[in-house]
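In: Mind looking at a prediction? Sequence and model below.
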Amino acid sequence: MEPIYNGMPAAELGSEGWYKPWSGGNGGNCVEAMKLSDGRVAVRQSADPDGPALIYSHREIAAFIQGAKSGQADFLLT
């Protein structure tokens, strides 16, 4: 397998292991996430599963989730 890098085609990560933790009533378009074997997290747009994958470290994804839970991303909803 080629090295995993930010912006790589998500299809190169395979089709198994993607989850839709943020899906909702938006017509099926949502964000999908996959935990990689080295602890990093890949994120892709479900409407474009062959498009780019954003790769986050465990620390980065934890900071994002903790920040969202504490309301730091609420400005994105207004």
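Out: Ah, there it is. Residues are numbered from 1 along each chain as shown.
In: show me where pLDDT drops low in this structure?
Out: Residue ranges of the chain with pLDDT under 70: 1, 22-28.
In: Strands along that one, start to end?
Out: 31-35, 41-45, 54-56 (DSSP state E).
In: Reformat the ones you listed into TSV and put distance to residue 74 and mean neighbour count next to each item.
Out: C-beta: built from backbone N, CA, C; applies to glycine. Listed next are the strands of the chain as TSV, based on distance: least, C-beta to C-beta, whole Å; neighbours: other C-beta atoms under 10 Å:
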stretch	distance to residue 74	mean neighbour count
strand 31-35	17	17
strand 41-45	20	19
strand 54-56	21	18
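In: okay if I get those as CSV plus distance to residue 62?
Out: Compiled in CSV, the strands of the chain are given as follows (distance: least, C-beta to C-beta, whole Å):
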stretch, distance to residue 62
strand 31-35, 12
strand 41-45, 9
strand 54-56, 9
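In: Which among those is found nearest to residue 78?
Out: Smallest distance to residue 78 across the strands of the chain (C-beta to C-beta): 19.5 Å, for strand 31-35.
In: So in terms of bridging, what pairs with the most centrally placed residue in the chain?
Out: A centroid search over the chain (C-alpha atoms, centre = their mean) returns residue 43, at 2.0 Å, as the residue closest to the centre. Residues in a beta bridge with residue 43, per DSSP bridges, are residue 33, residue 54.
In: Would you confirm that it contacts residue 49?
Out: No: here residue 43 does not reach residue 49: they are 11.9 Å apart, not a contact under C-beta atoms under 8 Å.
In: Mutual contacts of these two, please.
Out: Shared contacts of residue 43 and residue 49 (C-beta atoms under 8 Å, 6 or more residues apart in numbering): residue 32.
In: So which residues make contact with stretch 40-50?
Out: 4, 9-11, 13, 15, 18, 20, 23, 28-36, 51-58, 61.
In: gap between the two ends of stretch 7-18?
Out: By C-alpha to C-alpha, to the nearest Å, the extent of stretch 7-18 from end to end equals 16 Å.
In: Return the set of buried residues in it.
Out: For stretch 7-18, a neighbour-count test (16 or more other C-beta atoms under 10 Å) marks 8, 10, 13, 18 as buried.
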